[in-house]
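**Student:** Sharing a model that was predicted from the sequence below.
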Amino acid sequence: MVKADGVIIWYDLRVNNPRNANVRATSSSELGALFPDCDVHAERLTLAPPIARALAPISTVACELLALIPWLRTHTLAAIRPR
């Protein structure tokens with residue numbers, strides 16, 4: 001239970017892991033179903049980790065530019081508040 005003025009912070013994958021079938025994405029609609037009496041505000045974040053790991057030692061600027069492309073952002077950060 002969350003207090004009326006509380007917030008749940010949720011950080012999770014928005015894409016399935018192709019190398020591990022046990023790691024599944026959580027969609028915004030799933031968050032809404034999990035927290036039906038709450039407002040969910042979600043943002044896409046985090047450059048795909050394999051890309052970031054390979055590119056960051058070479059160019060952090062390139063990582064920042066690629067992170068501007070929505071489909072390369074593989075995680076969701078959500079604030080979930082009671083209505």
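**Tutor:** Alright, I've got the coordinates. Values in this document were obtained by computation on a predicted structure and should not be read as measured data.

**Student:** which residue ranges form the helices in the protein?
**Tutor:** 28-34, 49-55, 60-66 (DSSP state H).

**Student:** In terms of secondary structure, what does the first one contact?
**Tutor:** Contacts of helix 28-34 with other secondary structure elements, assessed using 3 or more C-beta pairs under 8 Å, 6 or more residues apart in numbering; DSSP states H and E, are made with strand 38-47, strand 73-82. For the C-beta atoms, the positions are set from N, CA and C on the backbone; glycine is no exception.

**Student:** follow-up on the earlier one: which one of the helices of the chain lies nearest to residue 4?
**Tutor:** helix 28-34 (18.8 Å; C-beta to C-beta).

**Student:** residues in contact with the closest one?
**Tutor:** By C-beta atoms under 8 Å, 6 or more residues apart in numbering, the residues outside helix 28-34 that reach it are 10, 40, 42, 76, 78, 80.

**Student:** who's the closest residue to residue 26 other than its chain neighbours bridged to?
**Tutor:** Beyond its immediate neighbours in the sequence, the residue positioned closest to residue 26 (C-beta to C-beta, 6 or more residues apart in numbering) is residue 12, lying 4.5 Å away. Beta-bridge pairing for residue 12 (DSSP bridges): residue 76.

**Student:** OK, contacts around residue 12?
**Tutor:** Contacts for residue 12 were tallied using C-beta under 8 Å, 6+ apart; they are 25, 26, 75, 76, 78.

**Student:** could those residues go into CSV alongside pLDDT, neighbour count and distance to residue 54?
**Tutor:** Formatted as CSV, the contacts of residue 12 follow (pLDDT from 0 to 100; neighbours: other C-beta atoms under 10 Å; distance: C-beta to C-beta, whole Å):
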residue, pLDDT, neighbour count, distance to residue 54
25, 91, 14, 22
26, 90, 17, 25
75, 93, 18, 17
76, 93, 22, 22
78, 95, 19, 28
